[in-house]
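Visitor: Coordinates only, no sequence provided:
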């Protein structure tokens, strides 16, 4: 018996978010955003194959989780679990955070002497952050994807 198209799509989505979760957990351990011998993660919301919002926690302290965002359409980042109550708030938070980060980086680049080439690199990164922030702002304002 062959699998239906829906089953195959669901299987592909599960494979994508499992891989994304593995990458996020490794990044959170590497940056010491989370620690412990056993770390768990759960996908909470996704724009399939583009953005994943997840919770990550030490297996012995599930109530002390962090929110993470990752995927091909955004940079990987995290915040304390207490900073947002749901995935939509997480997306709104990162939209504002990345816009403010971009503004700070641009101000820094304009105010301090930089190594040759670093201004262009910083400008490219701030442009990327602004693009990600605008994408998240647009997503957060769409009521139909959060109900």
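Guide: Noted; the coordinates are in hand. Just so it is clear, the model here is predicted, and its values are computed rather than measured.
Visitor: And the strands in this protein, which stretches?
Guide: 39-47, 51-58, 66-70, 77-80 (DSSP state E).
Visitor: neighbours around residue 52, how many?
Guide: For residue 52, the count of nearby residues is 28 (other CB atoms under 10 Å). The C-beta positions use only the backbone N, C-alpha and C, and glycine is treated the same way.
Visitor: Quickly list what it is bridged to.
Guide: Beta-bridge pairing of residue 52 under DSSP bridges involves residue 46, residue 70.
Visitor: what's in contact with stretch 27-34?
Guide: Under the contact criterion CB atoms under 8 Å, 6 or more residues apart in numbering, stretch 27-34 has outside partners 25, 35, 39, 56-58, 66, 68, 70, 76, 78.
Visitor: Show the end-to-end separation of it, please.
Guide: End-to-end distance for stretch 27-34, by CA to CA, to the nearest Å: 9 Å.
Visitor: hmm, back to that, min pLDDT across the contacts of stretch 27-34, which one?
Guide: When those are compared by pLDDT, residue 35 scores lowest at 87.
Visitor: Nearest residue to that one in space, please, no chain neighbours.
Guide: residue 58 (6.6 Å; CB to CB, 6 or more residues apart in numbering).
Visitor: For the strands of the chain, please prepare TSV with the additional fields distance to residue 10.
Guide: Below are the strands of the chain laid out as TSV (distance: least, CB to CB, whole Å):
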stretch	distance to residue 10
strand 39-47	12
strand 51-58	15
strand 66-70	20
strand 77-80	27
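Visitor: circling back to that earlier point, if I follow the layout properly, the residue nearest to residue 35 ends up in contact with residue 81?
Guide: No. Between residue 58 and residue 81 there is no contact under CB atoms under 8 Å: 11.7 Å.
Visitor: Looking at the record's assignment, how would you partition this structure?
Guide: Here the domain parsing of the chain from automatic domain parsing is 1-82, 84-147.
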